[in-house]
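Participant: coords please:
(3 chains)
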Amino acid sequence: MADLQLTMAMPGWSSPSSSGIDLFHFEEGGGCNVSLKDLDMNRPAREAEEEFQAGSAEEVEEDDGDGGHRQKKLRLSKEQSRLLEESFRQNHTLNPKQKEALAAKLGLRARQVEVWFQNRRARTKLKQTEMECEYLKRCFGSLTEENRRLQREVEELRAMRVAPPTVISPVTRRPIAASALTMCPRCQRFTTAAPPRRPPSAAT
DNA sequence: AACGTCAAACAGGGAG
DNA sequence: CTCCCTGTTTGACGTT
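Facilitator: Presented below is the predicted three-dimensional model:
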């Protein structure tokens, strides 16, 4: 399925678009993910599903009669979830017509389908973010290790660095650093560079 | 019973 | 104004 587009290339990770594996896999086929929730759900959802399976759209119980505006929470049936997932795989967003059609097909209100898609998108994004986070953590770990290794290497190289080459000074007849020699342009002979002249010491 | 997790539903704000 | 995103609340359910 090409429904998830990770924005990061993560070596070793198969992108959903190529693997065909969704981050969220619902109990299609295997059935091992079926929990008691799915089997013994609260009645409104089951009723809705029965209506849905009978081919008619049904308004799930909307008001408890006390004027409270919050919907009674329903759990979607297995079949409703499956169809929503299927639809989500084809498209992560729905236009109003598609929303209405899907809602009618599922026996839900358009608002419920809309909310489901919103939540589903959010969950997908969260999952992606978690994966990216894990990947970055691993990157950080390996880079830290690499950094340590390079630091050690630098220290080792510093420790084994040989002393600079020396020559015998033609003036003092003692060893001096070769870099301290300069060639006299007139006589073409090596001589020691004159030490930088210090200006007369200023006070302080 | 208390706690944790999951997902449905809501609210507010930004973009078009 | 509508749609979507994001953060939050809340109810259902599982686990300890």
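Participant: what about residue A:92, which SS state?
Facilitator: Following DSSP: H, G, I helix; E, B strand; the rest coil, we place residue A:92 in the coil state.
Participant: Find me the pLDDT at it, would you?
Facilitator: pLDDT recorded at residue A:92 is 95.
Participant: In this structure it contacts residue A:122, no?
Facilitator: No: using Cβ atoms under 8 Å, residue A:92 makes no contact with residue A:122, being 11.2 Å away. Heads up, the C-betas are built off the backbone N, CA and C, glycines and all.
Participant: So these two - more neighbours on which side?
Facilitator: residue A:92 (14 against 10; other Cβ atoms under 10 Å).
Participant: Could I get the buried residue list for stretch A:134-153?
Facilitator: By 16 or more other Cβ atoms under 10 Å, the buried positions in stretch A:134-153 come out as residue A:135.
Participant: for chain A, what are the low-confidence residue spans?
Facilitator: For chain A, applying pLDDT under 70 flags the ranges A:1-72, A:162-164, A:181-204.
Participant: Okay, strands next: where are they in it?
Facilitator: Along chain A, counting by DSSP state E, strands occupy A:166-168, A:175-177, A:181-183, A:190-192.
Participant: Quick one: list the elements packing against the first one.
Facilitator: It refers to strand A:166-168. Applying 3 or more Cβ pairs under 8 Å, 6 or more residues apart in numbering; DSSP states H and E, one finds that strand A:166-168 contacts strand A:175-177.
Participant: Give the pairing partners of the strand it packs on; include direction for each.
Facilitator: Take DSSP bridges as the rule and strand A:175-177 pairs in its sheet with strand A:166-168 (antiparallel).
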